[in-house]
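Novice: just need the structure, nothing else, for what follows:
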Amino acid sequence: MLLYEDKKNSISLSLRTGLSFLPHLHSHIEAGYLLSGSTSVTVDGREYSLSAGDAFVIFPNRVHSYEDGGGNPCCWLLMCSPDDVSPFAETFKRFLPDSPVVTGADGRALGALFELAEGRVPAAEEGLPLGTECLRAYASALTAELLPRLSGLRPLPPSDPDAMRRILLYCDLHYRDELSLDLLSEELGYSKYYISHVFSDHVKIGFARYVRALRVNAAKRLIRNGGMSMTDVACESGFSSIRTFNRQFMQETGISPSRYALLRRRK
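Specialist: Coordinates of the predicted model:
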């Protein structure tokens, strides 16, 4: 549930039930506090376990994904630009933590700040004076408490490459089209063996599986929105045929597209 989002200033606070998400990256800070359940977050190929009472932060432009564990995880999630927490912007641009997770009493202290930030949502939603500004101030306060609790901030490697960002961005923009390692190699200038290495070593799933998951996630969004036939959903999501769509949707989710649509209508 999105509690608040200022699209102009790109700051949002949401209460999320279920965090599972494909490997992705963006230029925002992503900070969260797990209220219940368990999940794991993988950042730049390293996996970290999260349980209730833990806090975490993903620095900008880091490839990350979530995989839910048990207990139907529920999480506060704050996303903002480094400029929204301007006193700390350079830290987010120039450093990385050894671990993005804060546990125990330190994690619970950060959870209290998320609760305070949630209290500013009604004022921000109603456009009251200082609504968004107060939420931004809480984001800064949260950052001020979070950064000292992180394990070992270290400078970014001088040669920190942007290859992953370019590869994932291209897939995100073109998954509806025909995609292959040969095509990515031609378009981006990397060898197909290097691209395959990026997926296996950093994204932790193969290229073909990643593209399939992008298409299935797009199809799930279209099904939730309603108003389209399954044939149109398949075509709009990048599948070459309805048969391929049904097979790969089942492989990715364990249920058929029609079953998924039925379950969504019952909610």
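Novice: Pro100: how many residues sit nearby?
Specialist: Neighbourhood size, Pro100 [other CB atoms under 10 Å]: 25. Any C-beta I mention is one placed from the backbone N, CA and C, and that applies to glycine too.
Novice: which residue is the nearest non-sequential neighbour of it?
Specialist: Phe56 (5.0 Å; CB to CB, 6 or more residues apart in numbering).
Novice: now the helix or strand harbouring the one you found, how far from the chain's geometric center?
Specialist: Assigned by DSSP states H and E, Phe56 belongs to strand 55-58. Counting by CA atoms, centre = their mean, to the nearest Å, strand 55-58 is centred 12 Å from the centre of its parent chain.
Novice: after that strand, which helix or strand is next? Please name it.
Specialist: That would be, after strand 55-58 and using DSSP H and E, strand 64-68.
Novice: who does that following strand touch, helix- and strand-wise?
Specialist: strand 21-24, strand 38-43 (3 or more CB pairs under 8 Å, 6 or more residues apart in numbering; DSSP states H and E).
Novice: grab the nearest non-local neighbour of Ser241.
Specialist: Nearest one to Ser241, counting by CB to CB, 6+ apart, is Ala234 at 7.2 Å.
Novice: how many residues are close by that neighbour?
Specialist: There are 24 residues near Ala234, going by other CB under 10 Å.
Novice: quick check: buried residues in the longest helix anywhere in the chain?
Specialist: Using DSSP state H to define each element, the chain has its longest helix at helix 207-225. Across helix 207-225, burial judged by 16 or more other CB atoms under 10 Å covers 207, 209-220, 222-223.
Novice: equivalent analysis for stretch 174-188, please.
Specialist: Buried residues in stretch 174-188 (16+ other CB under 10 Å): His174, Tyr175, Leu179, Leu181, Leu184, Ser185.
Novice: quick one, phi/psi of the first one?
Specialist: Its backbone dihedrals place His174 at phi -120, psi 20, with angles given as degrees, to the nearest 10.
Novice: still on that earlier bit, quick one, which of the helices and strands packed on strand 64-68 is nearest to Met250?
Specialist: Nearest to Met250, of all these, is strand 21-24, at 17.7 Å by CB to CB.
Novice: and the closest one, what does it pack onto?
Specialist: Using 3+ CB pairs under 8 Å, 6+ apart, strand 21-24 sits against strand 64-68, helix 163-174, helix 207-225.
Novice: quick one: average pLDDT of it?
Specialist: Per-region confidence: strand 21-24 scores 83 on mean pLDDT.
Novice: pLDDT on the helix or strand following it, on average?
Specialist: Remark: after strand 21-24, the chain's next helix or strand is strand 29-36, criterion DSSP H and E. Taken as a whole, strand 29-36 has a mean pLDDT of 92.
Novice: what's the answer for stretch 215-230, then?
Specialist: 90.
Novice: alpha carbons of it, as CSV, please.
Specialist: Extracted as CSV, the C-alpha positions of stretch 215-230 are listed here (Å, rounded to 0.1, in the frame of the first residue of the first chain):
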residue,chain,number,x,y,z
ARG,A,215,7.7,-10.4,-19.3
VAL,A,216,5.7,-12.4,-16.7
ASN,A,217,5.8,-9.5,-14.2
ALA,A,218,4.5,-7.2,-17.0
ALA,A,219,1.7,-9.7,-17.8
LYS,A,220,0.7,-9.9,-14.1
ARG,A,221,0.4,-6.1,-14.0
LEU,A,222,-1.8,-6.1,-17.1
ILE,A,223,-4.0,-8.9,-15.7
ARG,A,224,-4.4,-7.0,-12.5
ASN,A,225,-5.4,-3.8,-14.4
GLY,A,226,-8.1,-5.8,-16.3
GLY,A,227,-9.8,-5.1,-19.6
MET,A,228,-7.5,-7.1,-21.9
SER,A,229,-7.8,-10.6,-23.3
MET,A,230,-5.1,-13.1,-22.5
